[in-house]
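Engineer: Structure for this input, please:
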Amino acid sequence: MDLKSNHTPVLTDTVPITKSRLGVHSSLLPYSPTGATIPHGLLLSIPRKKTGILGDVRSSGWLDAMKSSSPSAKKITKDVHEFASPDADDAYSTWLLRYPSALTSFEQMTNHAKGKKIALFLDYDGTLSPIVDDPDSALMCDNMRAAVRKAAEYFPTAIISGRSRDKVYEFVGITELYYAGSHGMDIISPVRQSVSDNHPNCISSTDKQGKEVNLFQPAAEFLPMIDEVFTLLVERTKEIEGAKVENNKFCVSVHYRNVLEKNWDTVGQCVNELLEDYPRLRLTHGRKVLEIRPVIDWDKGKAVTFLLESLGLRNREDVLPIYVGDDRTDEDAFKVLREETRGYGILVSSAPKESNAVYSLRDPSEVMEFLKSLVVCTASSQNGLI
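Structural biologist: Numbering: from 1, shown residues only. Model prediction:
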């Protein structure tokens, strides 16, 4: 496979929804629309205790989890930088001993990568674009887009985002990439028969240019349920100032970045009470966002493995996967690369935090610098080898 030619535009088709479930108690019906099944091995069993009162929300750790995943910070605005205290600087410097900068450690990384082909995986929000108050305004700059496009000329490159696949493609707008939306529950990848045979929910389709690709949606049967929950949450949170509910196709994101902290428990209560009626959905936490997902054994780590398999790069000694991300949901991908000792996870963070990553970068501007350095280094070698 020529790793310098990776032109796979995003798809816009969806699994057809033929039956509306709005108004029907979702936990009372079998959930198996025609043509969509979940292999038994993907199902998770998560016991759910009914709470329903604010005290139980706190006691079960929901509010604490919201706070721990969303550390206090001043409002982020363009061209305004926070001034860290000397103690904070010391803590970050100490943290860098465990998670050294991918820029200052670049030579060490490239020495390890000699003779290997790089496969590049990138989160979007907080990695390629800054975290902003309005999720719909999380746009990457032109220089970042150019850096990502250039990287895709040399490495198979994929965006793995919690956003819907169509939405992240709209933000990025680069056809040379592979896109995995909804935390990897909606993936386009090269056609590979062995992948289609091993994954029942992987089907052949065509992209906008008419090129044949694989479309993988392991949670396809949940689409009507996700739409139903989205509609209900929009209604239930409409009185909470600053709350925003986003339909990311296979998951629902409830953003509370613009909600006063004293009202976070109200947001958590709304989500908690709704999930009591949906035992096949679970909650995960991100940076000032609650994300409701299907209860299946699938995450960004498994999406990385799937994409490597689709690209014919899995279990090869001459391949070095690199994953760059900033969020809790990226930890699954970091963990896969660390446990299999096959690649590098790079955490994007300006504050110390525990991680399965090996290296770190401070912010999207450093991510861009890293991508440019990777391209320059690779371009000076032959056959895409470092």
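
Engineer: tell me, what residue is most central in the protein?
Structural biologist: Computing the C-alpha centroid of the chain and ranking residues by C-alpha atoms, centre = their mean puts residue 161 first, at 3.1 Å.

Engineer: so that one touches residue 181, yeah?
Structural biologist: Yes: here residue 161 reaches residue 181: they are 5.9 Å apart, a contact under C-beta atoms under 8 Å. Placement of C-beta: from N, CA and C, glycine included.

Engineer: Mind jotting down where the strands sit in this structure?
Structural biologist: 117-122, 157-160, 178-181, 186-189, 202-206, 212-216, 244-247, 252-255, 281-286, 289-294, 319-325, 344-348, 359-361 (DSSP state E).

Engineer: of all the ones you listed, which lies closest to residue 334?
Structural biologist: strand 344-348 (3.2 Å; C-beta to C-beta).

Engineer: quick one: the nearest residue to residue 320 once chain neighbours are set aside and residue 288, what's the gap?
Structural biologist: Nearest non-adjacent residue to residue 320, counting by C-beta to C-beta, 6 or more residues apart in numbering: residue 116, 4.3 Å away. To residue 288, residue 116 is 37 Å away according to C-beta to C-beta, to the nearest Å.

Engineer: How about residue 216?
Structural biologist: Taking C-beta to C-beta, one finds residue 216 at 29 Å from residue 288.

Engineer: what's the answer for residue 94, then?
Structural biologist: Applying C-beta to C-beta to residue 94 and residue 288 gives a distance of 26 Å.

Engineer: hmm, back to that, any idea which of the strands of the chain scores lowest on pLDDT?
Structural biologist: Among the strands of the chain, strand 202-206 carries the lowest mean pLDDT, a mean of 77.

Engineer: got the buried residues for that strand?
Structural biologist: residue 202 (16 or more other C-beta atoms under 10 Å).

Engineer: And that strand, what does it pack against?
Structural biologist: Contacts defined by 3 or more C-beta pairs under 8 Å, 6 or more residues apart in numbering; DSSP states H and E place strand 202-206 against helix 193-198, strand 212-216.

Engineer: Tell me which other helices or strands the shortest one touches.
Structural biologist: In terms of contacts (3+ C-beta pairs under 8 Å, 6+ apart), strand 212-216 is packed against strand 186-189, helix 193-198, strand 202-206.

Engineer: For residue 321, list the residues it contacts.
Structural biologist: Contacts for residue 321 (C-beta atoms under 8 Å, 6 or more residues apart in numbering) come out as 118, 119, 120, 121, 304, 308, 313, 337, 342, 343, 344.

Engineer: let me redo that: residue 322
Structural biologist: 118, 119, 120, 121, 343, 344, 346.

Engineer: rerun that using 7 Å as the cut-off
Structural biologist: 118, 120, 121, 343, 344, 346 (C-beta atoms under 7 Å, 6 or more residues apart in numbering).

Engineer: hmm, which of these are the buried ones?
Structural biologist: When the contacts of residue 322 are checked for burial by 16+ other C-beta under 10 Å, the buried set is 118, 120, 121, 343, 344, 346.

Engineer: any idea how far the third one is from residue 148?
Structural biologist: Here the criterion is C-beta to C-beta. By it, residue 121 lies 12 Å from residue 148.

Engineer: doesn't residue 292 make contact with residue 280?
Structural biologist: No: using C-beta atoms under 7 Å, residue 280 makes no contact with residue 292, being 10.7 Å away.

Engineer: Comparing the two, which shows the higher neighbour count?
Structural biologist: With neighbours defined as other C-beta atoms under 10 Å, residue 280 and residue 292 compare such that residue 292 has more, 23 against 20.

Engineer: just to revisit the earlier point, and residue 116 and residue 288? which has more neighbours close in?
Structural biologist: Using other C-beta under 10 Å as the criterion, residue 116 and residue 288 rank with residue 288 on top: 21 against 18.

Engineer: Now stretch 189-205: buried residues?
Structural biologist: Applying a neighbour-count criterion of 16+ other C-beta under 10 Å, one finds 189, 190, 195, 196, 199, 201, 202 buried in stretch 189-205.

Engineer: got it, and stretch 144-159?
Structural biologist: So, applying 16+ other C-beta under 10 Å, buried residues of stretch 144-159: 144-145, 147-159.

Engineer: what's the spacing between the residue lying closest to residue 214 once chain neighbours are set aside and residue 347?
Structural biologist: The shortest distance from residue 214 to any non-neighbouring residue, by C-beta to C-beta, 6+ apart, is to residue 189 (4.9 Å). Distance of residue 189 to residue 347, given as C-beta to C-beta: 25 Å.

Engineer: Same question for residue 216.
Structural biologist: 26 Å.

Engineer: Could you do residue 156 as well?
Structural biologist: On the measure of C-beta to C-beta, residue 156 and residue 347 end up 22 Å apart.

Engineer: Repeat that for residue 360.
Structural biologist: Counting by C-beta to C-beta - residue 360 and residue 347 are separated by 5 Å.
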